[in-house]
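Asker: would you be able to build a 3D model of this:
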Amino acid sequence: MGDTYVLVHGAFHGGWCWRRVRERLTAQGHTVHTPTLTGLGERAHLLGPDVGLTTMVRDVVGVLEAEELTEVVLVGHSFGALPVLGAVDRAADRVRRIVLLDGLVVPAGGRAFDSVDPEVVAQREIDAKRRGHGIAMPPPSAESFAVTDPEDAAWVTRRLSPHPLRSYREPLALDGPLGNGLPVTYLRCTDPEYAPIAAGHAVVKDAGWEWRDLPAGHDAMITDPDATTAALTS
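Answerer: Coordinates of the predicted model:
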């Protein structure tokens, strides 16, 4: 009998980015859910000024509860680590373990912007004001996520969507400790390393979580789905 996986995407992405990994996990007999967070992907029409990290935590908890899931392997990629960590603070009884794939991690009460270079924060705020109606950050290029194959880059570029600005400003509000006592594995993508999340590595090490390197780029679920699937199931 297979495991149950809930795969949560990162900033600018949607559930679509897990397609290749989902196919591989399903072929192995696992049950896989790939929700899209509010305001992104096929749910971009729900973008509004009130869509923030709290909304996205509720998205993940909603999947766990509505699907009546238990013993879940809950996976968060990049920014998706924050909704995942928020969700296990509220629904730890439904989760068996957590995997953070090149995740953006902040301490309890921290904001995503706290881990980003101040100059980058300022530019994202400006871009959101100029091109995102003040509520969303325009997506960067696919290449910035280490997607370099031309066909893959074109596919990703078509699908990336503006990301709700509030989700980077809003603190990760937790009642319990980071990870809520569950086993956590951190998979760092190393080929190449993704600088915007590096500040959170100290938080991961302080938490004493399992640390493993994955020789793939930041969007490993797209560029190396075989290695990503193997890492998630080991």
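
Asker: same question for stretch 55-72, mean pLDDT?
Answerer: The average pLDDT for stretch 55-72 rounds to 98.

Asker: how about that stretch: buried residues?
Answerer: Within stretch 55-72, the residues that count as buried by 16 or more other C-beta atoms under 10 Å are 55-61, 63-64, 69, 72. Bear in mind the C-beta positions are built from the backbone N, C-alpha and C, glycine included.

Asker: most centrally placed residue in this structure?
Answerer: G80 (1.9 Å; C-alpha atoms, centre = their mean).

Asker: so after the helix or strand bottoming out on mean pLDDT in the chain, what's the next helix or strand?
Answerer: Taking mean pLDDT, DSSP states H and E as the measure, helix 118-131 is the helix or strand of the chain with the lowest mean score, a mean of 89. Helices and strands here follow DSSP states H and E; after helix 118-131, the next one along the chain is strand 136-137.

Asker: packing partners of that following strand?
Answerer: When contacts are defined as 3 or more C-beta pairs under 8 Å, 6 or more residues apart in numbering; DSSP states H and E, strand 136-137 packs onto helix 118-131, strand 163-164.

Asker: which parts of the protein are strands?
Answerer: Here the chain has its strands, by DSSP state E, at 4-8, 31-33, 72-77, 95-101, 136-137, 163-164, 184-189, 210-214.

Asker: low pLDDT regions in this structure?
Answerer: In the prediction, the chain carries no residues with pLDDT under 70.

Asker: what segments of it are helices?
Answerer: 19-27, 53-66, 81-91, 118-131, 150-159, 166-169, 201-207, 220-223, 225-233 (DSSP state H).

Asker: can I get those helices in TSV with distance to A195?
Answerer: Below are the helices of the chain laid out as TSV (distance: least, C-beta to C-beta, whole Å):
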stretch	distance to A195
helix 19-27	24
helix 53-66	22
helix 81-91	16
helix 118-131	10
helix 150-159	19
helix 166-169	16
helix 201-207	11
helix 220-223	16
helix 225-233	20
